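**Student:** The following comprises the amino acid sequence and a computationally predicted model.
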Amino acid sequence: MEYKIKEATGKLGILMPGLGAVATTLIAGVASINKGLSLPIGSVSQMSRIRLGKRTEDRNPLIKDFVPLAGLQDIVFGGWDLYADNVFEAASKAKVLEAHQLEAVREDLEKIVPMKAVFNRDFVKNLDGDHVKTQRTHRELIEALREDIKTFKAENNLDRVVIVWCGSTEKYIDAEDIFTELPKLEQALDNNDDRIPPSMLYCYAAILEGVPYVNGAPNLTCDAPAIVELALENNVAIAGKDFKTGQTLMKTIVAPGLQARALGVEGWFSTNILGNRDGLVLDDPDNFKTKEVSKLSVLEEILDANKNPELYGDLYHKVRINYYPPHGDNKESWDNIDIFGWMGYKMQIKINFLCRDSILAAPVVLDLALFIDLAQRAEMHGVQEWLSFYLKSPQTAPGLPAEHDIFKQLMKLQNTLRHIKGEDLITHLGLDYYQELIESIQ
Ligand SMILES: NC(=O)c1ccc[n+]([C@@H]2O[C@H](COP(=O)([O-])OP(=O)(O)OC[C@H]3O[C@@H](n4cnc5c(N)ncnc54)[C@H](O)[C@@H]3O)[C@@H](O)[C@H]2O)c1
């Protein structure tokens, strides 16, 4: 199949429901980069190169020069929040970036004021803002969100818009009943069914506006079969869920290595302390459950106990998150990994990661926004599994197990880019080099 990719002409709008720590760190970072004050460190789309052809060809362009992505100068940010603070105020309160760095981009940030949120405290108990839409029914709220998207696009003279959910984690819900088929969801929307979370209303509105949607939190949103159906009907790209940063990033780097060397793992205890607003939301057990499910799935897939019961059959995996205000956004995680090797001898690995949550998440949001915009321009619709590299709980085609190994995910991402550009896929087989060498000697 040949892909006709539309050029990234004009401006790209990135709308984010939730202008909190992650979103404001991204916006401030891009403003700082555009002023020549910072580099987009951690952004694979901006800083990483992709090998093309054989190793001997020495073709290694930057990804942003290989595929047509929106330029950082051509991005316009906006969003919604239940607190009315502009992005400068919200970023100052989030305390991720130092005051002098925020001052340097103050004007750019002050201009961005959140639109009123669609919010329901039943889904996030620990927040209580009043910058909230007053429409009462689901259908009215969807219409209001569609108007917001249209106005944002028109006022900023944008060519395209994408939405990345950077809002709080909503309480846990299963993808059953009304979420399983589009006609059932439509009926539930008409009935104002209180099981439908606000995030799904944003997503529904985005899809009807032809706007690609990425879910950065672990809540049920575009991974519901009904929403996948809606996205396919409307030819819209979607992806989710839950940005892969911090502890899970480490897990999906370390676990594939242990598995690759056939080392056994009998226990993996992960604990975190963090003190930002995300931590406050996750302090509620219903919201933590959503995060826990997302975090737990990772090891099960990488260390597949069914295929290797002797190595992973007894694996005990535990994840804890504790709200601890003094640490703010600087999350600290500890992992204790009990492994075993030759003749069953036990060993331990300890990882103490003093990370900065939003510093790790910001480039992930940027790449997801740029790549989902690329997917839409390449007419790749529905679930974009190749973006699982950035996600803790990657959404896949129905019935397909998710791939969590970060190295396989990277290969999938790079090969997708090669594929849509008509370049050869890279298998790393390498035997052809040796064959050529033998032939040249003979
Ligand atoms: N930082 C990371 O490393 C990381 C990793 C994975 C996932 N996430 C997820 O990303 C999201 C954002 O994280 P954060 O640290 O910026 O959190 P945050 O609490 O600082 O920001 C979230 C913002 O969303 C707003 N919000 C909540 N519900 C909303 C709604 N219905 N509409 C509009 N706004 C709404 C809140 O008022 C808040 O300002 C969270 O769900 C978090 O779990 C973050």
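**Tutor:** That came in fine, so what should we check first? Everything numeric here is computed off the predicted structure, so don't read it as measured data.
**Student:** what about residue 339, is that helix, strand or coil?
**Tutor:** With DSSP: H, G, I helix; E, B strand; the rest coil as the basis, residue 339 sits in strand.
**Student:** wait, residue 348
**Tutor:** Following three-state DSSP, residue 348 is assigned to strand.
**Student:** if I pick it, what's in contact with it?
**Tutor:** Residues in contact with residue 348 (C-beta atoms under 8 Å, 6 or more residues apart in numbering) are 336-339. All C-beta spots, glycine's among them, are computed from the backbone N, C-alpha and C.
**Student:** which residues does it bridge with?
**Tutor:** Here residue 348 sits in beta bridges with residue 338, going by DSSP bridges.
**Student:** would residue 30 count as being in a helix?
**Tutor:** Yes - per three-state DSSP, residue 30 lies within a helix segment.
**Student:** tell me the phi and psi of the residue nearest in space to the middle of the chain?
**Tutor:** With distances taken as C-alpha atoms, centre = their mean, residue 243 lies nearest the centre of the chain, 3.5 Å away. Main-chain dihedrals, residue 243, degrees, to the nearest 10: phi -50, psi 140.
**Student:** just checking, it touches residue 392?
**Tutor:** Yes - between residue 243 and residue 392 there is a contact under C-beta atoms under 8 Å: 7.0 Å.
**Student:** Just the C-alpha atoms of the longest strand seen in the chain, please, in CSV.
**Tutor:** Longest strand of the chain, by residue count under DSSP state E: strand 264-274. Extracted C-alpha coordinates of strand 264-274, given in CSV (Å, rounded to 0.1, in the frame of the first residue of the first chain):
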residue,chain,number,x,y,z
GLY,A,264,14.1,-15.7,36.2
VAL,A,265,12.1,-13.1,38.1
GLU,A,266,10.2,-14.0,41.2
GLY,A,267,9.3,-10.6,42.5
TRP,A,268,9.1,-7.0,41.5
PHE,A,269,8.0,-4.5,44.1
SER,A,270,7.5,-0.9,42.9
THR,A,271,6.7,2.0,45.1
ASN,A,272,6.5,5.7,44.4
ILE,A,273,6.1,8.9,46.3
LEU,A,274,5.0,12.1,44.6
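**Student:** Please shift the residue numbers so they start at 49 in all later answers.
**Tutor:** With the count now opening at 49, the last piece we talked about shows up as strand 312-322.
**Student:** near the ligand, anything from that strand?
**Tutor:** No - Strand 312-322 is not in contact with the ligand by C-beta under 6 Å from any ligand atom; minimum separation 8.7 Å.
**Student:** What's the first helix or strand after that strand?
**Tutor:** Next in sequence after strand 312-322, counting helices and strands by DSSP states H and E, comes helix 325-330.
**Student:** tell me the mean pLDDT over the helix or strand following that following helix?
**Tutor:** Going down the chain from helix 325-330, the next helix or strand is helix 333-350, by DSSP H and E. In this model, helix 333-350 has an average pLDDT of 84.
**Student:** Report the buried residues of the helix or strand just after helix 333-350.
**Tutor:** Next helix or strand after helix 333-350 toward the C-terminus (DSSP H and E): helix 357-360. Buried residues in helix 357-360, counted by 16 or more other C-beta atoms under 10 Å: 359-360.
**Student:** Pairing partners for whichever helix or strand comes after helix 357-360, with directions?
**Tutor:** Following helix 357-360 in sequence order, the next helix or strand is strand 364-371 (DSSP H and E). Here strand 364-371 has these sheet partners by DSSP bridges: strand 312-322 (parallel).
**Student:** that older thread, quick one, the longest strand of the chain and helix 333-350 angle?
**Tutor:** 150 degrees (axes from the mean of the first three to the mean of the last three C-alpha atoms, to 10 degrees).
**Student:** What mean pLDDT does strand 312-322 get?
**Tutor:** Strand 312-322 shows an average pLDDT of 94 in the prediction.
**Student:** got the buried residues for it?
**Tutor:** 312-313, 316, 318, 320-322.
**Student:** Pairing partners for the residue nearest to the centre of the chain in the sheet, please.
**Tutor:** Beta bridges link residue 291 to residue 439 when assigned by DSSP bridges.
**Student:** can you pull the contacts of it?
**Tutor:** For residue 291, counting by C-beta under 8 Å, 6+ apart, the contacting residues are 70, 264, 409, 412-413, 416, 438-440.
**Student:** Now pLDDT too, for these, in a markdown table please.
**Tutor:** What follows is the contacts of residue 291, written out as a markdown table (pLDDT from 0 to 100):
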| residue | pLDDT |
| --- | --- |
| 70 | 97 |
| 264 | 98 |
| 409 | 98 |
| 412 | 98 |
| 413 | 98 |
| 416 | 98 |
| 438 | 98 |
| 439 | 97 |
| 440 | 95 |
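**Student:** Of the residues you listed, just say which sits nearest to residue 246.
**Tutor:** Minimum distance to residue 246 across the contacts of residue 291 is 14.5 Å, recorded for residue 264 (C-beta to C-beta).
**Student:** what about residue 347, distance to residue 390?
**Tutor:** Per C-beta to C-beta, to the nearest Å, residue 347 is found 22 Å from residue 390.
**Student:** who has more neighbours, these two?
**Tutor:** The neighbour comparison of residue 347 against residue 390 (other C-beta atoms under 10 Å) goes to residue 347, with 23 against 7.
**Student:** How about that one: what's its closest non-neighbour residue?
**Tutor:** Distance criterion C-beta to C-beta, 6 or more residues apart in numbering; nearest residue to residue 347, sequence neighbours excluded, is residue 365 at 5.2 Å.
**Student:** give me every residue that touches the one you found.
**Tutor:** 315-316, 318, 344, 347-348.
**Student:** Please report how far it lies from residue 273.
**Tutor:** To residue 273, residue 365 is 27 Å away according to C-beta to C-beta.
**Student:** which residues are contacting stretch 374-390?
**Tutor:** Applying C-beta under 8 Å, 6+ apart, the contact partners of stretch 374-390 are 69, 142-144, 294-295, 298-299, 302, 306, 311-324, 327, 394-406.
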